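next one to model:
(one chain, ligands or ions: 2)
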Amino acid sequence: MARAPLVDGHGRRIGDLRVSVTDRCNFRCQYCMPAEGLPWLERDDVLSFEEIARLVRLFAELGVEAVRLTGGEPLVRRDFPALAAMLAAVPGLADLSLTTNGYLLERDAEALVAAGISRFNVSIDSLQRDRFFRMTRRDALPRVLAGLEALARFPEAHPIKVNAVALRGFTEDEVLPFARFAREHPYEVRFIEFMPLDADHAWTPEDVLTGEEVRAAIHAVYPLEPEPREPSATARVHRFADGKGRIGFINPVSEPFCDDCNRVRLTADGKLRTCLFSLGETDLRAPLRAGASDDDVETVIRDAVWRKELKHRVNDPGFVQPARSMSAIGG
Ligand code: SAM
Ligand code: SF4
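Numbering: from 1, shown residues only. Ligands and ions are numbered 1, 2, ... in the order given. Have a look, this model is predicted:
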């Protein structure tokens, strides 16, 4: 059935849905989760594969073309490749992608590519084993790099992105090694500014190593040239002037990209969030489980999306950090 495109009250058309498939994770990254983990959702509270597929189908009918699967760590969800295959079959979806910490990629790469995931982001914050351990609280760098290599063997998985959160006092020592990594491997490395979505609520503006600082440090050694920004893109991409690869900067704090934001998010327990920093969310699971028709659910979605925030307020006085942290929202 043809449905009108999904637009918000500021005229932005929604084309990108981030779906969190679990709030659980096998890592405990400093900027995301506390060392002891978080109270996990009860299993019954988490959307089933069928519920996720129904909502994704509906969003696709509303004009969403790109779905990114995330978490928590998506690969810890049992039979995750089967869910990916269900979603890859949804008519109208042009782009099914995955964000993962890579720990289980050696096991799953083949199944994920076969399921139809076409783009992969692997999160790696340090290329040194001891520093990786310090940041993720897991001694897992060799295993993650092996997972990345396993994925890279599949031509269909390329281009592969490697994402590093940039934290002042930590990432400075990683910048040039990551630049060399991007030059020597077929991966596009992207630095993400640290956002106030950490479960410990320890974020301060001083902790943000800005994308511009990182870019300048790389440019001084390996000259960079900017590429044009794609509409609604989160990353500012630069190519190495000598043609050896690309590197990107996701700067939500220092250079917000809210103006043409086309994204909404679905949490693992079926709440629709119209911004990473939303203070409210809209329950889609309750209507789904109460037997609502697709038309009824569409009305709930349209109403929530219409009220999508104009912009985030991270840099405003009185900014309030959302109660849920990144792993519980789905980054
Ligand atoms: N577990 C998977 C992973 O780490 O790739 C997927 C979920 S994780 C929440 C998604 C992305 O959010 C990762 O690249 C992670 O580094 C990033 N992230 C988590 N907390 C963040 C924060 N406070 N600021 C910026 N990025 C953050
Ligand atoms: Fe887990 Fe990803 Fe959060 Fe790290 S960033 S704790 S891997 S959800």
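
leaving out sequence neighbours, find the closest residue to A4.
Excluding its sequence neighbours, the residue lying closest to A4 (C-beta to C-beta, 6 or more residues apart in numbering) is L62, at 7.7 Å. Placement of C-beta: from N, CA and C, glycine included.

ok, W203 next?
Per C-beta to C-beta, 6+ apart, closest to W203 is P196, 4.0 Å.

could I get the host helix or strand of F132 in CSV with only the CA atoms?
According to DSSP states H and E, F132 maps onto helix 129-136. Output of helix 129-136 as CSV, limited to C-alpha atoms (Å, rounded to 0.1, in the frame of the first residue of the first chain):
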residue,chain,number,x,y,z
ARG,A,129,46.4,-3.7,22.8
ASP,A,130,46.8,-2.3,26.3
ARG,A,131,45.1,1.0,25.5
PHE,A,132,42.2,-0.9,23.8
PHE,A,133,41.8,-2.9,26.9
ARG,A,134,41.7,0.2,29.1
MET,A,135,39.0,1.8,26.9
THR,A,136,36.8,-1.2,26.4
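
the helix or strand following it vs ligand 1: in contact?
Downstream of helix 129-136, the next assigned helix or strand under DSSP H and E is helix 141-152. No. Helix 141-152 stays clear of ligand 1 (C-beta under 6 Å from any ligand atom), getting no nearer than 10.2 Å.

and helix 141-152, which residues are buried?
Within helix 141-152, the residues that count as buried by 16 or more other C-beta atoms under 10 Å are 141, 144-145, 147-148, 150-152.

swap in stretch 224-244?
Counting neighbours by 16+ other C-beta under 10 Å, stretch 224-244 gives 224, 232, 234-240 as buried.

now find how far off-centre the helix or strand of the chain with the lowest mean pLDDT is within its chain.
Ranked by mean pLDDT, DSSP states H and E, the weakest helix or strand in the chain is helix 326-329, scoring a mean of 92. Remark: helix 326-329 is offset 10 Å from the chain centroid, using C-alpha atoms, centre = their mean, to the nearest Å.

touching ligand 2 at all, it?
Yes. Helix 326-329 reaches ligand 2 (C-beta under 6 Å from any ligand atom) through 326-327.

is that helix positioned near ligand 1?
Yes. Using C-beta under 6 Å from any ligand atom, helix 326-329 comes into contact with ligand 1 via 326-327.

what does that helix rub up against?
With C-beta atoms under 8 Å, 6 or more residues apart in numbering as the test, helix 326-329 has contacts from 20, 23, 25, 31-33, 38, 71-72, 195, 197-199, 265, 267-268, 273, 276, 322.

sort out for me which of these are in strands.
20, 265, 273 (DSSP state E).

quick one: the nearest residue to D45 once chain neighbours are set aside from L284, how far?
Spatial nearest neighbour of D45, chain neighbours left out: D269 (4.8 Å); criterion: C-beta to C-beta, 6+ apart. Plainly put, D269 is 10 Å away from L284 if you go by C-beta to C-beta, to the nearest Å.

give me the more crowded residue out of those two.
More crowded of D269 and L284, by other C-beta atoms under 10 Å: L284, with 24 against 18.

and that one, how far from L93?
L284 is 18 Å from L93, by C-beta to C-beta.

now swap in L58 and tell me
Distance of L58 to L93, computed by C-beta to C-beta: 12 Å.

which SSE is the residue of the chain most remote from its centre in?
Residue farthest from the centre of the chain, counting by C-alpha atoms, centre = their mean, is G291 at 30.4 Å. Using DSSP H and E, G291 sits in no helix or strand.

the strand or helix carrying F178 vs ligand 1: in contact?
Element membership for F178 (DSSP H and E) is helix 175-184. No. Helix 175-184 stays clear of ligand 1 (C-beta under 6 Å from any ligand atom), getting no nearer than 13.5 Å.

specify the angle between that helix and helix 141-152 in degrees.
Per axes from the mean of the first three to the mean of the last three C-alpha atoms, to 10 degrees, the angle that helix 175-184 makes with helix 141-152 is 30 degrees.

same for helix 175-184, what does it pack against?
Contacts defined by 3 or more C-beta pairs under 8 Å, 6 or more residues apart in numbering; DSSP states H and E place helix 175-184 against strand 160-166, strand 187-193, helix 211-219, strand 246-250.

distance to ligand 1 and mean neighbour count added to the ones you listed, as CSV?
Converted to CSV, the helices and strands packed on helix 175-184 look like this (distance: least, C-beta to the nearest ligand atom, whole Å; neighbours: other C-beta atoms under 10 Å):
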stretch, distance to ligand 1, mean neighbour count
strand 160-166, 4, 22
strand 187-193, 5, 24
helix 211-219, 12, 18
strand 246-250, 8, 24
